[in-house]
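Next comes the sequence, and after it the predicted model I'd like to discuss.
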Amino acid sequence: MLNLVFVVLLALAFDYLNGFHDAANSIATVVSTRVLSPRAAVAWAAFFNFVAFLVFSTHVAGNIAKGVDSHVVTLPLVAAGLLGAIVWDLFTWWWGLPTSSSHALLGGIAGAAVVARGTQTGSVMAGLRALDASFFGQTALFIVLSPLIGAVLGFGSMALVMALFGKRAPRVVDARFRRLQLVSAALYSLGHGGNDAQKTMGIIVMALVSYGVVKTGGAGHAPAIPLWVVLACQTAMGLGTLTGGWRIVRTMGMKITKLQPVGGFCAETSGAATLFLATALGIPVSTTHTITGAIVGVGSVRKLTAVRWGVAGRIVWAWVLTVPGAAAISALTELALVSFGVDAR
(Lines give C-alpha, C1' and ligand atoms only; values in the text may rest on other atoms or scores of the structure.)
Protein backbone atom coordinates (compact mmCIF):
# COMPACT_ATOMS: atom_id res chain seq x y z
CA MET A 1 0.00 0.00 0.00
CA LEU A 2 2.90 2.37 0.73
CA ASN A 3 4.10 1.95 -2.86
CA LEU A 4 0.66 2.89 -4.15
CA VAL A 5 0.50 5.96 -1.90
CA PHE A 6 3.95 7.01 -3.12
CA VAL A 7 2.91 6.70 -6.78
CA VAL A 8 -0.30 8.68 -6.18
CA LEU A 9 1.68 11.43 -4.43
CA LEU A 10 4.22 11.40 -7.27
CA ALA A 11 1.39 11.80 -9.77
CA LEU A 12 -0.01 14.75 -7.82
CA ALA A 13 3.49 16.26 -7.70
CA PHE A 14 3.59 15.99 -11.50
CA ASP A 15 0.13 17.59 -11.69
CA TYR A 16 1.34 20.47 -9.52
CA LEU A 17 4.41 20.83 -11.75
CA ASN A 18 2.14 20.71 -14.81
CA GLY A 19 0.17 23.67 -13.46
CA PHE A 20 3.41 25.45 -12.55
CA HIS A 21 5.05 24.72 -15.92
CA ASP A 22 1.94 25.45 -17.99
CA ALA A 23 0.73 28.51 -16.06
CA ALA A 24 2.26 30.50 -18.89
CA ASN A 25 -0.25 29.01 -21.31
CA SER A 26 -3.15 30.42 -19.33
CA ILE A 27 -1.75 33.79 -18.29
CA ALA A 28 1.02 34.82 -20.70
CA THR A 29 -1.22 36.84 -23.00
CA VAL A 30 -3.27 38.51 -20.26
CA VAL A 31 -0.06 39.47 -18.42
CA SER A 32 1.85 40.66 -21.50
CA THR A 33 -1.08 42.90 -22.52
CA ARG A 34 -1.16 44.26 -18.94
CA VAL A 35 -4.85 43.50 -18.53
CA LEU A 36 -4.06 41.78 -15.22
CA SER A 37 -1.08 41.88 -12.91
CA PRO A 38 0.86 38.59 -12.65
CA ARG A 39 -0.53 37.92 -9.16
CA ALA A 40 -4.13 38.54 -10.21
CA ALA A 41 -3.67 36.57 -13.44
CA VAL A 42 -2.46 33.39 -11.72
CA ALA A 43 -5.32 33.58 -9.20
CA TRP A 44 -7.82 34.02 -12.06
CA ALA A 45 -6.32 31.09 -13.98
CA ALA A 46 -6.05 28.83 -10.93
CA PHE A 47 -9.72 29.28 -10.07
CA PHE A 48 -10.89 28.29 -13.54
CA ASN A 49 -8.35 25.45 -13.67
CA PHE A 50 -9.98 24.01 -10.55
CA VAL A 51 -13.66 24.35 -11.50
CA ALA A 52 -13.11 22.71 -14.91
CA PHE A 53 -14.28 19.34 -13.50
CA LEU A 54 -17.78 20.84 -13.19
CA VAL A 55 -17.86 21.48 -16.95
CA PHE A 56 -16.08 18.56 -18.63
CA SER A 57 -16.56 14.80 -18.47
CA THR A 58 -13.58 12.55 -17.69
CA HIS A 59 -13.36 11.13 -21.22
CA VAL A 60 -9.69 12.10 -21.60
CA ALA A 61 -8.75 10.53 -18.26
CA GLY A 62 -10.51 7.28 -19.15
CA ASN A 63 -8.70 7.01 -22.45
CA ILE A 64 -5.31 7.53 -20.78
CA ALA A 65 -6.11 4.96 -18.09
CA LYS A 66 -6.56 2.28 -20.76
CA GLY A 67 -3.76 3.53 -23.02
CA VAL A 68 -1.33 0.82 -21.85
CA ASP A 69 -2.06 -2.93 -21.71
CA SER A 70 -3.19 -3.72 -18.15
CA HIS A 71 -1.01 -6.87 -18.15
CA VAL A 72 2.05 -4.65 -18.49
CA VAL A 73 1.16 -1.89 -16.03
CA THR A 74 2.83 -2.01 -12.62
CA LEU A 75 3.43 0.63 -9.97
CA PRO A 76 7.15 0.91 -10.88
CA LEU A 77 6.15 1.47 -14.52
CA VAL A 78 3.79 4.30 -13.57
CA ALA A 79 6.44 5.79 -11.27
CA ALA A 80 9.07 5.59 -14.04
CA GLY A 81 6.73 7.32 -16.50
CA LEU A 82 6.00 10.10 -14.03
CA LEU A 83 9.68 10.61 -13.20
CA GLY A 84 10.56 10.86 -16.89
CA ALA A 85 7.94 13.57 -17.38
CA ILE A 86 8.94 15.44 -14.20
CA VAL A 87 12.65 15.50 -15.07
CA TRP A 88 11.89 16.68 -18.62
CA ASP A 89 9.56 19.42 -17.34
CA LEU A 90 12.19 20.68 -14.91
CA PHE A 91 14.84 20.81 -17.64
CA THR A 92 12.62 22.73 -20.05
CA TRP A 93 11.36 25.06 -17.31
CA TRP A 94 14.98 25.93 -16.50
CA TRP A 95 15.65 26.60 -20.19
CA GLY A 96 12.47 28.72 -20.40
CA LEU A 97 10.95 26.55 -23.14
CA PRO A 98 7.14 26.12 -23.26
CA THR A 99 7.18 22.38 -24.00
CA SER A 100 4.20 20.13 -23.44
CA SER A 101 3.82 18.56 -20.00
CA SER A 102 1.10 16.40 -21.55
CA HIS A 103 3.35 14.92 -24.19
CA ALA A 104 6.15 14.56 -21.65
CA LEU A 105 3.77 12.47 -19.52
CA LEU A 106 2.52 10.34 -22.41
CA GLY A 107 6.07 9.92 -23.71
CA GLY A 108 7.19 8.92 -20.23
CA ILE A 109 4.46 6.30 -19.81
CA ALA A 110 5.04 4.95 -23.34
CA GLY A 111 8.81 4.73 -22.81
CA ALA A 112 8.41 2.80 -19.57
CA ALA A 113 5.74 0.50 -21.06
CA VAL A 114 7.83 -0.43 -24.11
CA VAL A 115 10.72 -1.75 -21.99
CA ALA A 116 8.49 -3.30 -19.31
CA ARG A 117 8.09 -7.02 -18.75
CA GLY A 118 4.46 -7.89 -18.12
CA THR A 119 2.68 -11.03 -16.96
CA GLN A 120 2.20 -12.21 -20.55
CA THR A 121 5.68 -11.34 -21.82
CA GLY A 122 7.84 -12.97 -19.13
CA SER A 123 11.42 -11.86 -19.47
CA VAL A 124 10.78 -10.28 -22.88
CA MET A 125 10.22 -6.53 -23.19
CA ALA A 126 6.60 -5.70 -24.02
CA GLY A 127 7.51 -3.45 -26.96
CA LEU A 128 5.08 -1.27 -28.88
CA ARG A 129 2.30 -3.86 -28.59
CA ALA A 130 1.86 -2.74 -24.97
CA LEU A 131 0.44 0.58 -26.22
CA ASP A 132 -3.09 1.32 -27.43
CA ALA A 133 -2.21 2.12 -31.05
CA SER A 134 -5.44 4.01 -31.74
CA PHE A 135 -5.13 6.24 -28.69
CA PHE A 136 -1.45 7.05 -29.17
CA GLY A 137 -2.01 7.51 -32.92
CA GLN A 138 -4.73 10.12 -32.29
CA THR A 139 -2.49 11.85 -29.76
CA ALA A 140 0.40 11.93 -32.25
CA LEU A 141 -1.90 13.35 -34.92
CA PHE A 142 -3.02 16.15 -32.61
CA ILE A 143 0.58 17.07 -31.86
CA VAL A 144 0.47 18.49 -35.37
CA LEU A 145 -3.21 19.45 -35.56
CA SER A 146 -3.65 21.36 -32.28
CA PRO A 147 -1.18 24.18 -33.07
CA LEU A 148 -2.43 24.31 -36.66
CA ILE A 149 -6.06 24.59 -35.54
CA GLY A 150 -5.05 27.21 -32.99
CA ALA A 151 -3.13 29.16 -35.65
CA VAL A 152 -5.96 29.04 -38.18
CA LEU A 153 -8.56 30.11 -35.61
CA GLY A 154 -6.22 32.79 -34.26
CA PHE A 155 -5.58 34.18 -37.73
CA GLY A 156 -9.28 34.07 -38.66
CA SER A 157 -10.55 35.64 -35.46
CA MET A 158 -7.94 38.41 -35.56
CA ALA A 159 -8.70 39.15 -39.22
CA LEU A 160 -12.43 39.30 -38.41
CA VAL A 161 -11.92 41.64 -35.47
CA MET A 162 -9.71 43.92 -37.55
CA ALA A 163 -12.37 44.03 -40.26
CA LEU A 164 -15.07 44.92 -37.73
CA PHE A 165 -13.13 47.35 -35.54
CA GLY A 166 -10.24 48.45 -37.73
CA LYS A 167 -11.65 51.94 -38.33
CA ARG A 168 -12.45 52.70 -34.72
CA ALA A 169 -10.19 54.68 -32.41
CA PRO A 170 -7.47 52.43 -30.96
CA ARG A 171 -8.22 53.70 -27.45
CA VAL A 172 -11.87 52.59 -27.70
CA VAL A 173 -10.97 49.17 -29.12
CA ASP A 174 -8.28 48.66 -26.51
CA ALA A 175 -10.65 49.49 -23.63
CA ARG A 176 -13.30 47.11 -24.89
CA PHE A 177 -10.98 44.18 -25.44
CA ARG A 178 -9.25 44.65 -22.12
CA ARG A 179 -12.57 43.68 -20.53
CA LEU A 180 -13.24 40.90 -23.02
CA GLN A 181 -9.80 39.42 -22.40
CA LEU A 182 -10.87 38.59 -18.85
CA VAL A 183 -13.51 36.31 -20.40
CA SER A 184 -11.13 34.77 -22.93
CA ALA A 185 -8.48 34.12 -20.25
CA ALA A 186 -11.13 32.41 -18.10
CA LEU A 187 -12.23 30.23 -21.03
CA TYR A 188 -8.68 29.23 -21.83
CA SER A 189 -7.91 28.38 -18.19
CA LEU A 190 -11.11 26.34 -18.09
CA GLY A 191 -10.00 24.41 -21.17
CA HIS A 192 -6.51 23.97 -19.71
CA GLY A 193 -7.86 22.57 -16.44
CA GLY A 194 -10.35 20.38 -18.30
CA ASN A 195 -7.78 18.71 -20.56
CA ASP A 196 -4.50 18.76 -18.62
CA ALA A 197 -5.68 17.70 -15.15
CA GLN A 198 -7.39 14.68 -16.70
CA LYS A 199 -4.06 13.30 -17.85
CA THR A 200 -2.91 12.88 -14.26
CA MET A 201 -6.30 11.44 -13.33
CA GLY A 202 -5.80 8.76 -15.96
CA ILE A 203 -2.31 7.94 -14.67
CA ILE A 204 -3.53 7.62 -11.07
CA VAL A 205 -6.37 5.33 -12.16
CA MET A 206 -3.83 3.29 -14.16
CA ALA A 207 -1.91 2.77 -10.90
CA LEU A 208 -5.10 1.95 -8.97
CA VAL A 209 -6.07 -0.65 -11.59
CA SER A 210 -2.62 -2.27 -11.41
CA TYR A 211 -2.98 -2.52 -7.63
CA GLY A 212 -6.52 -3.90 -7.85
CA VAL A 213 -8.20 -0.95 -6.13
CA VAL A 214 -10.19 0.00 -9.22
CA LYS A 215 -11.62 -2.49 -11.70
CA THR A 216 -10.78 -2.30 -15.39
CA GLY A 217 -13.52 -1.11 -17.69
CA GLY A 218 -13.49 -4.34 -19.70
CA ALA A 219 -12.41 -4.81 -23.29
CA GLY A 220 -12.34 -1.46 -25.06
CA HIS A 221 -13.90 0.37 -22.12
CA ALA A 222 -12.27 2.90 -19.79
CA PRO A 223 -12.33 2.36 -16.02
CA ALA A 224 -14.38 4.71 -13.84
CA ILE A 225 -12.61 7.77 -12.41
CA PRO A 226 -13.20 8.10 -8.62
CA LEU A 227 -14.35 11.54 -7.45
CA TRP A 228 -11.44 11.88 -4.99
CA VAL A 229 -9.01 11.46 -7.89
CA VAL A 230 -10.79 14.21 -9.84
CA LEU A 231 -10.76 16.65 -6.91
CA ALA A 232 -7.15 15.89 -5.95
CA CYS A 233 -5.89 16.45 -9.49
CA GLN A 234 -7.83 19.66 -10.04
CA THR A 235 -6.56 20.99 -6.71
CA ALA A 236 -2.92 20.11 -7.46
CA MET A 237 -3.09 21.76 -10.87
CA GLY A 238 -4.73 24.88 -9.45
CA LEU A 239 -2.04 25.20 -6.76
CA GLY A 240 0.68 24.76 -9.38
CA THR A 241 -0.82 27.51 -11.50
CA LEU A 242 -0.83 29.82 -8.47
CA THR A 243 2.97 29.62 -8.26
CA GLY A 244 3.46 30.21 -12.01
CA GLY A 245 6.44 29.61 -14.28
CA TRP A 246 7.70 33.12 -15.02
CA ARG A 247 10.59 32.08 -17.27
CA ILE A 248 8.09 30.58 -19.71
CA VAL A 249 5.65 33.51 -19.38
CA ARG A 250 8.30 35.80 -20.85
CA THR A 251 8.84 33.48 -23.82
CA MET A 252 5.15 32.93 -24.52
CA GLY A 253 3.77 36.40 -23.93
CA MET A 254 6.61 38.69 -24.96
CA LYS A 255 9.15 36.99 -27.20
CA ILE A 256 7.03 35.31 -29.91
CA THR A 257 5.17 38.45 -30.95
CA LYS A 258 3.97 41.70 -29.38
CA LEU A 259 0.33 41.46 -28.33
CA GLN A 260 -2.32 44.06 -27.62
CA PRO A 261 -5.55 43.21 -25.71
CA VAL A 262 -7.39 42.53 -28.97
CA GLY A 263 -4.69 40.05 -29.99
CA GLY A 264 -4.66 38.45 -26.57
CA PHE A 265 -8.44 38.01 -26.73
CA CYS A 266 -8.26 36.36 -30.16
CA ALA A 267 -5.39 34.06 -29.17
CA GLU A 268 -7.02 32.91 -25.94
CA THR A 269 -10.46 32.42 -27.49
CA SER A 270 -8.99 30.42 -30.37
CA GLY A 271 -6.92 28.30 -28.00
CA ALA A 272 -9.94 27.69 -25.76
CA ALA A 273 -12.08 26.58 -28.71
CA THR A 274 -9.39 24.08 -29.73
CA LEU A 275 -9.10 22.69 -26.19
CA PHE A 276 -12.87 22.40 -25.78
CA LEU A 277 -13.09 20.41 -29.03
CA ALA A 278 -10.24 18.05 -28.12
CA THR A 279 -11.57 17.44 -24.60
CA ALA A 280 -15.04 16.65 -25.96
CA LEU A 281 -13.41 14.10 -28.30
CA GLY A 282 -11.44 12.59 -25.41
CA ILE A 283 -8.05 13.44 -26.95
CA PRO A 284 -5.23 14.71 -24.72
CA VAL A 285 -3.64 17.67 -26.47
CA SER A 286 -0.89 20.06 -25.58
CA THR A 287 -2.17 23.34 -24.21
CA THR A 288 1.30 24.71 -24.91
CA HIS A 289 1.15 23.79 -28.59
CA THR A 290 -2.37 25.13 -28.86
CA ILE A 291 -1.78 28.61 -27.41
CA THR A 292 1.56 28.98 -29.21
CA GLY A 293 -0.14 28.24 -32.52
CA ALA A 294 -2.90 30.73 -31.71
CA ILE A 295 -0.38 33.46 -30.80
CA VAL A 296 1.54 32.86 -34.04
CA GLY A 297 -1.72 33.00 -36.03
CA VAL A 298 -2.74 36.29 -34.42
CA GLY A 299 0.69 37.82 -34.95
CA SER A 300 0.74 36.76 -38.61
CA VAL A 301 -2.34 38.85 -39.45
CA ARG A 302 -0.38 42.11 -39.24
CA LYS A 303 2.63 40.78 -41.13
CA LEU A 304 4.70 37.61 -41.04
CA THR A 305 7.69 39.56 -39.77
CA ALA A 306 5.68 40.43 -36.62
CA VAL A 307 6.37 36.86 -35.47
CA ARG A 308 9.86 36.18 -34.15
CA TRP A 309 10.35 32.99 -36.11
CA GLY A 310 13.68 32.25 -34.45
CA VAL A 311 11.97 31.94 -31.07
CA ALA A 312 9.11 29.96 -32.61
CA GLY A 313 11.60 27.59 -34.26
CA ARG A 314 13.38 27.02 -30.93
CA ILE A 315 10.04 26.14 -29.37
CA VAL A 316 9.21 23.69 -32.18
CA TRP A 317 12.52 21.89 -31.69
CA ALA A 318 11.68 21.51 -28.00
CA TRP A 319 8.31 20.03 -29.01
CA VAL A 320 9.97 17.51 -31.32
CA LEU A 321 12.33 16.35 -28.59
CA THR A 322 9.75 16.16 -25.78
CA VAL A 323 8.26 12.70 -26.40
CA PRO A 324 11.53 10.87 -27.15
CA GLY A 325 13.35 12.78 -24.39
CA ALA A 326 10.82 11.94 -21.68
CA ALA A 327 10.46 8.39 -23.05
CA ALA A 328 14.21 7.78 -22.84
CA ILE A 329 14.40 9.04 -19.24
CA SER A 330 11.44 6.90 -18.14
CA ALA A 331 12.68 3.81 -19.98
CA LEU A 332 16.03 4.04 -18.20
CA THR A 333 14.24 4.59 -14.89
CA GLU A 334 12.02 1.54 -15.45
CA LEU A 335 15.03 -0.64 -16.25
CA ALA A 336 16.84 0.68 -13.17
CA LEU A 337 13.87 -0.05 -10.90
CA VAL A 338 13.58 -3.58 -12.27
CA SER A 339 17.33 -4.22 -11.94
CA PHE A 340 17.18 -3.14 -8.28
CA GLY A 341 14.27 -5.51 -7.72
CA VAL A 342 11.62 -2.94 -6.85
CA ASP A 343 8.42 -4.81 -6.06
CA ALA A 344 5.41 -4.00 -8.26
CA ARG A 345 3.21 -4.10 -5.15
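Thanks, I have the structure now. Everything numeric in this text was worked out from a predicted model, so none of it was measured.

Quickly find the element holding the residue nearest to Met162 when sequence neighbours are not counted.
Leaving out its chain neighbours, the residue that sits closest to Met162 by Cβ to Cβ, 6 or more residues apart in numbering is Val301, at 6.6 Å. Glycine gets a C-beta too; all of them are placed from N, C-alpha and C. Element membership for Val301, per DSSP states H and E: helix 287-302.

one step back: and the residue nearest to Met162, how many residues sit next to it?
Val301: 19 surrounding residues under other Cβ atoms under 10 Å.

So it versus Thr279, what's the distance?
Distance of Val301 to Thr279, computed by Cβ to Cβ, to the nearest Å: 27 Å.

quick one on the thing from earlier: for the helix or strand just after the helix holding Val301, the distance to its chain's centre please.
Using DSSP H and E, the helix or strand that follows helix 287-302 in sequence is helix 309-339. Relative to the chain's own centre, helix 309-339 is displaced by 15 Å; criterion: Cα atoms, centre = their mean, to the nearest Å.

residue contacts, the residue nearest to Met162?
By Cβ atoms under 8 Å, 6 or more residues apart in numbering, the contact set of Val301 is Phe155, Met158, Ala159, Met162.

Buried residues in the helix holding Val301, which are they?
287-301 (16 or more other Cβ atoms under 10 Å).

Out of those residues, flag the one nearest to Gln181.
Using Cβ to Cβ, Val298 comes nearest to Gln181 of these, at 12.3 Å.

contacting residues for that closest one?
Gly154, Phe155, Ser157, Met158, Thr257, Leu259, Gly263, Cys266, Ala267, Ser270.

Point out the least confident member of these, please.
Taken together, the contacts of Val298 show their lowest pLDDT at Thr257, with 49.

Which residues does the helix or strand hosting Gln234 contact?
Assigned by DSSP H and E, Gln234 belongs to helix 227-243. With contacts defined as Cβ under 8 Å, 6+ apart, helix 227-243 is touched by 12-13, 15-23, 26-27, 42-43, 45-47, 49-53, 58, 61, 189, 193, 196-198, 200-201, 204-205, 208.

Go through the contacts of Val301 and give me the one with the most neighbours.
Met158 (23 neighbours).

quick check, that one in a helix?
Yes: counting by DSSP: H, G, I helix; E, B strand; the rest coil, Met158 is found in a helix.

Does it touch Gly263 like I think?
Yes: taking Cβ atoms under 8 Å as the definition, Met158 is a contact partner of Gly263 at 6.4 Å.

Least confident of the buried residues of helix 287-302?
Ranked by pLDDT, the buried residues of helix 287-302 bottom out at Thr288, which scores 76.

for the strand or helix carrying Phe91, which positions count as buried?
Here Phe91, judged by DSSP H and E, is contained in helix 75-95. Buried residues in helix 75-95, counting neighbours by 16+ other Cβ under 10 Å, are found at 75-89, 91-93.

and if you look at stretch 136-151?
Buried, per 16+ other Cβ under 10 Å, within stretch 136-151: Phe136, Gln138, Thr139, Phe142, Ile143, Leu145, Ser146, Pro147, Ile149, Gly150, Ala151.

and which of those residues is nearest Ala327?
Checking the buried residues of stretch 136-151 against Ala327 by Cβ to Cβ gives Phe136 as the nearest, at 11.4 Å.

contacting residues for the closest one?
Gly67, Leu106, Ala110.

My read is that the first one contacts Leu131, right?
Read it as Gly67. Yes: look at Gly67 against Leu131 with Cβ under 8 Å: they come within range, at 6.8 Å.

Many thanks, have a good one.
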